[in-house]
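Trainee: Got a predicted structure here, sequence first:
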Amino acid sequence: MSELTHLTIAAALDGLAAKKFSARELTEAHLAAMAKHKNLNAYITETPEIALKQADASDQRRAGGKAGALEGIPLGIKDLFCTEGVLTTAGSHILDGFRPTYESTVTRNLFDAGAVMLGKLNLDEFAMGSSNKTSYYGNVINPWKRRGDETDLVPGGSSGGSSAAVAARIAMAATGTDTGGSIRQPAALTGTVGIKPTYGRCSRWGIVAFASSLDQAGPIARSVEDCAIMLGAMSGHDPKDSTSVEMPVPDFRKALTGDIRGLKVGIPKEYRVDGMSQEIDALWARGAEWLKAQGAELREISLPHTKYALPTYYIIAPAEASSNLARYDGVRFGLRVPGNSLDEMYELTRAAGFGKEVKRRIMIGTYVLSAGYYDAYYLQAQRIRALILRDFTDAFKDVDVILTPSTPSAAFGFNENEGDPVQMYLQDVFTVTVNLAGLPGISVPAGLDANGLPLGLQLIGRAFDEETLLRSAQVLERAANFTALPAGV
Amino acid sequence: MSLDSKTVAHIATLARIRVPESDLPGLAQELTGIMAWIEQLNEVDTKGVQPMSGVLARDLPRRADVVNDGGNPDKVLANAPEPAHGFFTVPKVIE
């Protein structure tokens, strides 16, 4: 029943409600599809027993007239979310054998809404990367390939298992996390929709921390409507995360009216970066025209500190990571490499347990926080972060949403962007500003490049105005009418 | 800002990551490259700008000072590499 795996969440909920199929059938169809696409390496751990048990329980609840917002919907969970009793790796060797004795708030919310867990999805180690190449559990393969070319391509990162699984129809949707673009960039590279909500919208409790002031959970799905359904279930205040805001969660689906007449759309001139492909520039212009055709008003805006966002991020995120990752010391969980002294045990455990990119970032973070450099690097970065936020605050006095490309390129090969770490960091040039400012951003598939690979457009919204953001994104989605599928799916 | 092998060895010690001597020059070169790219931040005039540690401009919420969790030593130790007698263990630190 492969057609079941092609349904959107919205259509699957209708089908389940109309008793056209059961949650068990829907889950079995996904488990069968997962078996066929093992070559993608999207899942680190598959959990078919849990999935079938949850599906049966869901069918019973539905029969009893109690259906949650995601009742019976099979999802993949990024392996950065702690799941009670189920191996949680963060894509790292250092968490070997870690089975949390607690459930993250976001996954708890999803299960309370009736969702089914198919398994834990691969990711860049500790969510540090833009290609899913840094995972201890191996590369994830993008189901998309260049036309007439069998070269394997990256699925983006860090939520690369999530994006590949949703694109390959081996999960109806997936959770992701986004610290500098880790939901939106992989969504753009796989023809899927990904939203990073406003900082504070989703609880970070039980999510393995990377950079606490930037990390935020969100969904990757195959339509804007599905993202709205997922986000509604994931969001909400949680006393266990002091940065989760006490604010009611709107009915995001209701916001999708299709009406953007009078909406003011900002086009930031600083996002026209050097070396950006003609194709992406043209797609961006087309996206603006689509919104205009539906009654929106376009305005050129300026976000003057945009070019400093990435280097600012590469101080702040590693600084926070170097502190957050201090907990991996071989004492309380995960890998331990014996040593003759406590320090030697720490050093050997961390040398063996962390991969190259994670070590690089811990060391940059340690350096910029060390005596004599703190003011010059860390405080300067925090001041520029304030200027980046001010740019957005000023811009949002005149516009309701901002339209930009999602990424500077389509999916690339595993040997491309290799060698120079900065080259890989540039993947996040359009997404990272949003994390620094704490704003919501969404990537929508908007077309194919000359090689037949998906390209995305990003919309950025005001803090806690995901409703306007999702409404605009759905209008963009309808105009783009992206229906292409990766070969073999 | 150029980082030499000696500086990188010091950072590695601070970060408690063992780096073999032979890896230091390569790592120094990589980190120097990244820091050189980051140097452009010095162009920005930030006089009078308050450093921003997070986006939420509010005080942290408080809760009543009561015990609301705990009493689960087995759960706490469930993932420990070498627990013993209800404790985490580490190599001997006092002679």
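Mentor: Arrived safely, thanks for sending. Numbering: from 1, shown residues only, chains lettered A, B, ... in the order given.
Trainee: and stretch A:193-202, how far from the chain's centre?
Mentor: Relative to its parent chain, stretch A:193-202 has a centroid offset of 9 Å by Cα atoms, centre = their mean, to the nearest Å.
Trainee: ugh, wrong one, stretch A:284-291
Mentor: That offset, for stretch A:284-291, works out to 24 Å (Cα atoms, centre = their mean).
Trainee: for stretch A:80-92, same thing?
Mentor: For stretch A:80-92 - counting by Cα atoms, centre = their mean - the centre lies 16 Å from the chain centre.
Trainee: three-state assignment of whichever residue of the stretch 51-200 of chain A sits closest to chain B?
Mentor: Nearest to chain B, among the residues of the stretch 51-200 of chain A, is A:Thr101, at 4.1 Å (Cβ to the nearest Cβ). Where you see a C-beta, it was placed from the backbone N, CA and C, and this is true even at glycine. Using DSSP: H, G, I helix; E, B strand; the rest coil, the structure places A:Thr101 in coil.
Trainee: what's near enough to touch it?
Mentor: A:Glu84, A:Gly85, B:Asn72, B:Lys75, B:Val76, B:Ala78, B:Asn79 (Cβ atoms under 8 Å, 6 or more residues apart in numbering or on different chains).
Trainee: how distant is the helix or strand the fifth one falls within from the center of its chain?
Mentor: Under the criterion of DSSP states H and E, B:Val76 resides in helix B:73-77. Offset of helix B:73-77 from its chain centre (Cα atoms, centre = their mean): 25 Å.
Trainee: got the buried residues for it?
Mentor: Neighbour-count burial for helix B:73-77 flags B:Val76, B:Leu77 (criterion: 16 or more other Cβ atoms under 10 Å in any protein chain shown).
Trainee: Also stretch A:278-289?
Mentor: For stretch A:278-289, burial by neighbour count (16+ other Cβ under 10 Å) applies to A:Glu279, A:Ile280, A:Leu283, A:Trp284, A:Gly287, A:Ala288.
Trainee: which one of those residues is nearest A:Val444?
Mentor: Each of those was scored against A:Val444 by Cβ to Cβ, and A:Gly287 proved nearest at 8.5 Å.
Trainee: Could you say which helix or strand holds that closest one?
Mentor: helix A:278-293.
Trainee: elements contacting the very next helix or strand once past that helix?
Mentor: Later in the chain than helix A:278-293, the nearest helix or strand by DSSP H and E is strand A:297-301. The elements that strand A:297-301 packs onto, with contact taken as 3 or more Cβ pairs under 8 Å, 6 or more residues apart in numbering or on different chains; DSSP states H and E, are strand A:264-268, helix A:278-293.
Trainee: re earlier: and the helix holding B:Val76, what does it pack onto?
Mentor: So helix B:73-77, by 3+ Cβ pairs under 8 Å, 6+ apart, packs with no helix or strand.
Trainee: mind exporting it as CSV, just the C-alpha atoms?
Mentor: Taking C-alpha atoms only, helix B:73-77 is exported to CSV below (Å, rounded to 0.1, in the frame of the first residue of the first chain):
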residue,chain,number,x,y,z
PRO,B,73,18.9,6.8,42.1
ASP,B,74,18.5,3.8,39.8
LYS,B,75,17.2,6.0,37.0
VAL,B,76,20.0,8.5,37.6
LEU,B,77,22.7,5.7,37.4
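Trainee: residues in contact with it?
Mentor: A:Thr101, A:Tyr102, B:Pro83, B:Gly86, B:Phe87, B:Phe88.
Trainee: pull the helix or strand with minimum mean pLDDT from chain A.
Mentor: The least trusted helix or strand in chain A, going by mean pLDDT, DSSP states H and E, turns out to be helix A:421-425, with a mean of 82.
Trainee: Report the buried residues of it.
Mentor: A:Pro421, A:Val422, A:Met424, A:Tyr425.
Trainee: where's the second one relative to chain B, distance?
Mentor: The one in question is A:Val422. In this view, A:Val422 and chain B are 5 Å apart by Cβ to the nearest Cβ, to the nearest Å.
Trainee: A:Leu31 now?
Mentor: Counting by Cβ to the nearest Cβ, the gap from A:Leu31 to chain B is 28 Å.
Trainee: Grab the most central residue of chain B for me.
Mentor: Taking Cα atoms, centre = their mean, the centroid of chain B lies closest to B:Ala15, which sits 6.8 Å from it.
Trainee: surely it meets A:Arg361?
Mentor: No: the criterion here is Cβ atoms under 8 Å, and B:Ala15 misses it with A:Arg361 at 10.2 Å.
Trainee: Overlap in contacts, the two.
Mentor: A:Ser322.
Trainee: Tell me the pLDDT of the residue of chain A found nearest chain B.
Mentor: In chain A, no residue comes nearer to chain B than A:Gly438, which is 3.0 Å away by Cβ to the nearest Cβ. Note for A:Gly438: predicted pLDDT of 98.
Trainee: Quick check: nearest residue in space to it, chain neighbours excluded?
Mentor: B:Val55 (3.0 Å; Cβ to Cβ, 6 or more residues apart in numbering or on different chains).
Trainee: that older thread, I figured the residue of chain A closest to chain B hits B:Leu56, correct?
Mentor: Yes: taking contacts as Cβ under 8 Å, A:Gly438 lies within contact range of B:Leu56: 7.5 Å.
Trainee: Give me the more crowded residue out of those two.
Mentor: Ranked by neighbour count (other Cβ atoms under 10 Å in any protein chain shown), A:Gly438 and B:Leu56 place A:Gly438 first, with 24 against 16.
Trainee: what about the most centrally placed residue in chain A, distance to A:Leu387?
Mentor: Nearest to the geometric centre of chain A sits A:Ile183, at 1.9 Å (Cα atoms, centre = their mean). Noted for A:Ile183: a distance of 25 Å to A:Leu387, by Cβ to Cβ, to the nearest Å.
Trainee: Tell me which residue of chain B lies closest to chain A.
Mentor: For chain B, Cβ to the nearest Cβ, closest residue to chain A: B:Val55, 3.0 Å.
Trainee: Please convert the helices and strands packed on strand A:297-301 to CSV, extending it with distance to chain B and mean pLDDT.
Mentor: Output for these, formatted as CSV (distance: least, Cβ to the nearest Cβ, whole Å; pLDDT from 0 to 100):
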stretch, distance to chain B, mean pLDDT
strand A:264-268, 18, 98
helix A:278-293, 23, 96
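Trainee: can you map out the helices along the stretch 101-250 of chain A?
Mentor: A:105-112, A:160-167, A:184-190, A:224-234 (DSSP state H, counting those that start in this stretch).
Trainee: ok, now the stretch 351-489 of chain A?
Mentor: Counting by DSSP H, counting those that start in this stretch, the helices of the stretch 351-489 of chain A are A:356-369, A:380-395, A:421-425, A:432-437, A:466-480.
Trainee: Give the other helices and strands that the third one contacts.
Mentor: It refers to helix A:421-425. Using 3+ Cβ pairs under 8 Å, 6+ apart: helix A:421-425 touches helix B:24-38.
Trainee: Quick check: buried residues in the helix it packs on?
Mentor: B:Leu24, B:Leu27, B:Ala28, B:Glu30, B:Leu31, B:Thr32, B:Ile34, B:Met35, B:Trp37, B:Ile38.
Trainee: likewise stretch A:135-144?
Mentor: So, applying 16+ other Cβ under 10 Å, buried residues of stretch A:135-144: A:Ser135, A:Tyr136, A:Tyr137, A:Asn139, A:Val140, A:Ile141, A:Asn142, A:Pro143, A:Trp144.
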